[in-house]
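Colleague: My questions concern the predicted model and sequence given below.
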Amino acid sequence: MAGPVAFFAVFFAWPVAAIVARGLRPDGGWQLGRIADVVTRSDLRHVLWFTTWQALASTALTLLVALPGAYVFARLDFPGKRVLRAVVTVPFVLPTVVVGTAFLALVGRGGLLDDLWGVRLDTTVWAILLAHVFFNYAVVVRTVGGLWSGLDPRQEEAARMLGAAPLTAWRTVTLPALAPAVAAAALMVFLFTFTSFGVVQILGGPTFATLEVEIYRQTSQIFDLSTAAVLTLVQFTAVAAVLAVHAWTVRRRETALRLVDASLTARRPRGAGQWALLAGVLATVVALVLLPLGVLVQRSLDAPGLRYYRALTHEDGGTFLVAPIAAVGNSLRYAVVATAIAVLIGSLAAAALSRLPPARPRSAGGTPVADRIVRGFDALLMLPLGVSAVTVGFGFLIALDAPPLDLRQSWILVPLAQALVGVPFVVRTMLPVLRAVDGRLREAAAVLGASPWRVWREVDLPLVRRALLVAAGFAFAVSLGEFGATVFIARPDNPTLPVAVARLLGRPGDLNYGQAMALSTILMVVCAAALLVLERLRPHRTGEF
């Protein structure tokens, strides 16, 4: 645990603490009264209310739309299933600024709906909610569907044989078993939407702002660090509470159920009901996932002779110091380094968590200390997904500005920020597989004289190799899409793809808009290719994602 704890202390806790201290100690003395001043302001209370309300609404709508998809991917076997699973995951690994761009092309001014029917939804809450469902659909499908596929269907069939109606059998047998996974998925969706930045920034306009957007505005536009620090503390408190509950649900799901091989539970659709459900899910995927992505591609090609793509190769001297196409190479290089860091730190963390003994029940005279360690360490690893990325990025510039860690001018800042987001996915992917390794194999190797390193190399590694590759793939994809922190620390001569897209969208003109669409399409294609490879490598049980 020492390596991951040290990494998070230096590159997460220290930058966040530095910017909070800079805001609440501007003259060397704590101004704690500023907290009460900020939280009682009516405009900021409205931001907090909207942040909470839209997160709850987005979570409920995502569960409603995605749970049928979770069943279809878990229980039905049909041609193209792996490809479709990769397709529905593409939005989740795209940067939120690209998600906002896709929906802007669909529902914004001059978008597809505006051209066909004169309907515009940008600057409305409906555009934000739909974009959040688009982004989080895969979270529910993979989290709930992953557990659903491992539940023994014979339990529900036994209830049917004893006279229970189909709905009653599902409600009394399957739903209680799925409850931890549904709760974990709901908490994850709430977490992502509560801290939403790029989607609200692009689609919300001046009318709507989440805490994350307001922190960005207070930091980079108004330069009111004290208000930004208080909002960071409010968001941190809310996120910590959500993650504490999430860690409990994940732990319960991993230890309370006996699962079967997922490959044995999926069957070809039978009966009109299952075929209708499959058709409905496919229609939902087409309308919710493929249509926005398709419009994004169409807008990038909406010029003769691939004009927008050719323009990416030329410097304009205004938005960038280099040609926009250079962002592709920068992002790939940064993502490779970030993936290496995330795999190293995440593997150590997953190995530590897998070796910690589970707490014994209180009735058996056990102590909850081990369980508290597991939950606390697990929640720590998830914090970068929920704490303001804007705060982390700006904190990098404030905290890492003196020897021995004066990294403000170093390129490594970007991969470090990206790795913070990748580590949770590595842990979530590898932890269930590591826990499934029979400890007696390690003990036998040790008895035969193998060192701990050789035990890991010859016992653990062959069993978790595929999961490790999947974890690296997800870390690579999410590193490509990191935006909130990178927007502060990416240098003008080395922009990343998400930063380049945001800057192009921030400039008027059809050419800038078209180039943003072209770069977004390139990023989408890279992420989709990575996910298709992952689906071929993916074991049946590699965690939530």
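Modeller: That came through fine. Numbers count the residues shown, from 1 in each chain.

Colleague: Tell me where the model's unsure across this protein.
Modeller: 26-32, 246-264, 316-320, 356-375, 386, 535, 537-545 (pLDDT under 70).

Colleague: how about 50 then?
Modeller: Low-confidence segments of the chain, defined by pLDDT under 50: 256, 359-367, 541-544.

Colleague: Can you mark which positions in the lengthiest helix in it are buried?
Modeller: The residue-count maximum for a helix in the chain (DSSP state H) belongs to helix 42-75. For helix 42-75, the buried set under the neighbour-count rule, 16 or more other Cβ atoms under 10 Å, comprises 44, 47-48, 50-52, 54-55, 58-59, 61-63, 65-67, 69-75. Bear in mind the C-beta positions are built from the backbone N, C-alpha and C, glycine included.

Colleague: other SSEs contacting it?
Modeller: With contacts defined as 3 or more Cβ pairs under 8 Å, 6 or more residues apart in numbering; DSSP states H and E, helix 42-75 has these neighbours: helix 81-93, helix 125-148, helix 175-194, helix 211-220, helix 225-256, helix 271-285.

Colleague: just the angle between that helix and helix 211-220, please?
Modeller: Using axes from the mean of the first three to the mean of the last three Cα atoms, to 10 degrees, one finds that helix 42-75 and helix 211-220 are set 130 degrees apart in direction.

Colleague: quick check: angle from helix 42-75 to helix 271-285?
Modeller: The directions of helix 42-75 and helix 271-285 differ by 140 degrees, with the same axes, to 10 degrees as the criterion.

Colleague: which residues sit in contact with residue 521?
Modeller: Contact criterion Cβ atoms under 8 Å, 6 or more residues apart in numbering gives 296, 297, 300 as the residues in contact with residue 521.

Colleague: That one looks like it's in a helix, true?
Modeller: Yes - when classified by DSSP: H, G, I helix; E, B strand; the rest coil, residue 521 is found to be part of a helix.

Colleague: Setting aside sequence neighbours, what's the nearest residue to it?
Modeller: Closest residue in space to residue 521, ignoring its immediate chain neighbours: residue 300 at 4.5 Å, by Cβ to Cβ, 6 or more residues apart in numbering.

Colleague: and the one you found, how far is that from residue 471?
Modeller: Look at residue 300 and residue 471: by Cβ to Cβ, to the nearest Å, they are 31 Å apart.

Colleague: higher neighbour count, those two?
Modeller: Here residue 300 and residue 471 are set side by side on neighbour count (other Cβ atoms under 10 Å), and the busier one is residue 471, at 31 against 23.

Colleague: Next one: residue 275 relative to residue 282, how far apart?
Modeller: When Cβ to Cβ is applied, the distance between residue 275 and residue 282 equals 11 Å.

Colleague: cool, residue 148 as well?
Modeller: Spatial separation of residue 148 from residue 282 under the definition Cβ to Cβ is 18 Å.

Colleague: give the contact list for residue 212.
Modeller: Neighbour list for residue 212: 195, 196, 197, 200, 235, 388, 389, 390, 484 [criterion: Cβ under 8 Å, 6+ apart].

Colleague: For the last one, which residues are in contact?
Modeller: Read it as residue 484. Applying Cβ under 8 Å, 6+ apart, the residues near residue 484 are 197, 198, 212, 216, 388, 389, 390, 392, 393.

Colleague: let's see 7 Å
Modeller: Contact analysis of residue 484 by Cβ atoms under 7 Å, 6 or more residues apart in numbering lists 197, 389, 390, 393.

Colleague: What of the fourth one?
Modeller: With contact set as Cβ under 7 Å, 6+ apart, residue 200 has these partners: 128, 208, 209, 210, 213.

Colleague: Distance of the last one relative to residue 510?
Modeller: From residue 213 across to residue 510, the span is 26 Å (Cβ to Cβ).

Colleague: before we move on, what about the third one?
Modeller: With distances defined as Cβ to Cβ, the gap from residue 209 to residue 510 amounts to 28 Å.

Colleague: So which of these two has more stuff around it?
Modeller: Legend: neighbour count by other Cβ under 10 Å for residue 209 and residue 510, higher for residue 209 (21 against 12).

Colleague: Can you report phi and psi for that one?
Modeller: As for residue 209, its main-chain torsions (degrees, to the nearest 10) stand at phi -150, psi 130.

Colleague: Identify the nearest residue to it in space, disregarding sequence-adjacent positions?
Modeller: With sequence-adjacent residues excluded and distances taken as Cβ to Cβ, 6+ apart, residue 209 is closest to residue 47, at 5.4 Å.
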